[in-house]
Structures are given as structure tokens and as C-alpha cells.
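Peer 1: Sharing a sequence plus its predicted fold:
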Amino acid sequence: MGSLLIRALNQRDYPLVQGCLLMLAMAVILGTLMGDVAQAFIDPRQRRSQS
């Protein structure tokens with residue numbers, strides 16, 4: 001993915017650059033969401049909110 005992004009930047013293929021950045025951003029968002037869900041599942045103290 002990284003070499004594809006670099007090659008697209010060098011060739012000024014902006015739609016491909018946008019697609020690569022979109023995929024990378026979605027991977028980061030999904031990874032963060034999965035980490036938050038796993039942490040809430042492992043640590044039951046985080047399930048209760050301090051209101």
C-alpha cells in the first residue's frame with residue numbers, strides 16, 4: 001500500500017492517492033474502534049459512566 005501511494009504521488013495520480021488515503025484513514029478508525037471495544041470488554045470498570 002505504501003509503495004502504491006508513493007508511485008501514485010510521483011505520477012500525480014490524484015484519484016489513486018485519495019483512494020489510498022481513504023483506505024488508510026478507515027483502517028485507523030476501525031483499529032481505534034476495535035481497541036476501544038476490546039478495552040471496554042476487558043475492563044468492566046469502564047462500562048459504568050461516572051455521571
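Peer 2: That came in fine, so what should we check first?

Peer 1: If you count residues, where's the longest helix of this protein?
Peer 2: helix 14-42 (DSSP state H).

Peer 1: in that helix, what counts as buried?
Peer 2: Within helix 14-42, the residues that count as buried by 16 or more other C-beta atoms under 10 Å are 17, 20. In short, each C-beta sits where N, CA and C put it, glycine included.

Peer 1: How far does it sit from its chain's centre?
Peer 2: Centre-to-centre, helix 14-42 and its host chain are 2 Å apart (C-alpha atoms, centre = their mean, to the nearest Å).

Peer 1: what does stretch 36-46 give?
Peer 2: 20 Å.

Peer 1: so what's Leu9 up against?
Peer 2: Neighbour list for Leu9: Val17 [criterion: C-beta atoms under 8 Å, 6 or more residues apart in numbering].

Peer 1: Local confidence estimate at it?
Peer 2: pLDDT, Leu9: 94.

Peer 1: which element is it on?
Peer 2: helix 2-10 (DSSP states H and E).

Peer 1: What angle do helix 14-42 and that helix make with each other?
Peer 2: Going by axes from the mean of the first three to the mean of the last three C-alpha atoms, to 10 degrees, helix 2-10 is angled at 140 degrees with respect to helix 14-42.
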